[in-house]
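S.K.: Here is a sequence with its predicted model. Questions after.
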Amino acid sequence: MTKTKADLCACYTSVIDKRGIVRSEVDRGVFDNLGDKIKFLKGILLNPDTFMIQPNSWLIKRDAIIKVGLWNENLTLDDDGEFFFRLFFYVGSIELVKETLNYYRKHGSDNLASRKSERDLISGYDSILCKTDLIADYCTVDELRLILSGQLCAYVVRVDHKHKELFKRIYSKIDFTLDFQRPVLGGHLIELLKYVFGFKFALFLHFKYRSFFYK
């Protein structure tokens, strides 16, 4: 950071398992658009399943944090995603080190991102709206519909039958006529049903009988 005027500096991230074996790479293609801030931000929102904000892979100047504001403590889920998206939107420049210097270990489902209380799920939903609102003025109406629908579709699969009203609220904002990537719903059975009967049918089955499809 001392050799650059950039406000933020990032490196590539690899996801490893409990044994330290690399299982996947965080989407690097999004970084191709660093020179165009709005295109970069749109790329993040259009790839909710492949691009992950991993805080350990970023160095941030103190002045940049003061400029954009501190962590939003009203959020309990995706609070880091909202914070970094705000940083990307308001800061001047981002420097990328094209090396894998950060390794993110996944320990299964017992982590903060897997929390499913009503408050946590609403927090994740609010974070999506916050991020989308930031770039709304830089998108066409069709772009905004596509971005929001893709984000919410990737998120609604996390909501189970215990949170019916929240599911309905999120589902009602998704335009399924748009060409965004449909998320993976689970194992072979639910994916087969998705292929045969369509995503919306499979999504409702997944919502109602989630525990069965994850056995």
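M.R.: Looks like it came in fine.
S.K.: low-scoring stretches of the chain, by residue?
M.R.: Applying pLDDT under 70 to the chain picks out residues 1-4, 50, 107-115, 211-215.
S.K.: Looking at it, which strand is longest?
M.R.: Longest among the strand segments of the chain by residue count, using DSSP state E, is strand 94-105.
S.K.: Can you give me the buried ones in the next helix or strand after that one?
M.R.: Proceeding N to C from strand 94-105, the next assigned helix or strand is helix 118-135, under DSSP states H and E. For helix 118-135, burial by neighbour count (16 or more other Cβ atoms under 10 Å) applies to 120-128, 130-132, 134-135. C-betas here are computed from N, CA, C, even on glycine.
S.K.: Also stretch 73-93?
M.R.: 75-89, 91.
S.K.: So for it, first residue to last residue, what's the gap.
M.R.: 26 Å (Cα to Cα, to the nearest Å).
S.K.: what's the closest of the buried residues of stretch 73-93 to residue 147?
M.R.: residue 85 (12.2 Å; Cβ to Cβ).
S.K.: Can you show me the strands along this protein?
M.R.: Chain-ordered strands for the chain, with DSSP E as the definition, fall at 8-16, 22-25, 58-60, 94-105.
S.K.: Name the residues that touch the longest one?
M.R.: Identification of contacts with strand 94-105 by Cβ atoms under 8 Å, 6 or more residues apart in numbering yields 4, 6-18, 20, 22, 25-26, 31, 34, 40, 52, 54, 56-57, 88.
S.K.: Need the buried ones from those residues selected in ChimeraX.
M.R.: Buried subset of the contacts of strand 94-105, written as a ChimeraX selection, criterion 16+ other Cβ under 10 Å:
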select :6,7,8,9,10,11,12,13,14,15,26,31,34,40,52,54,57,88
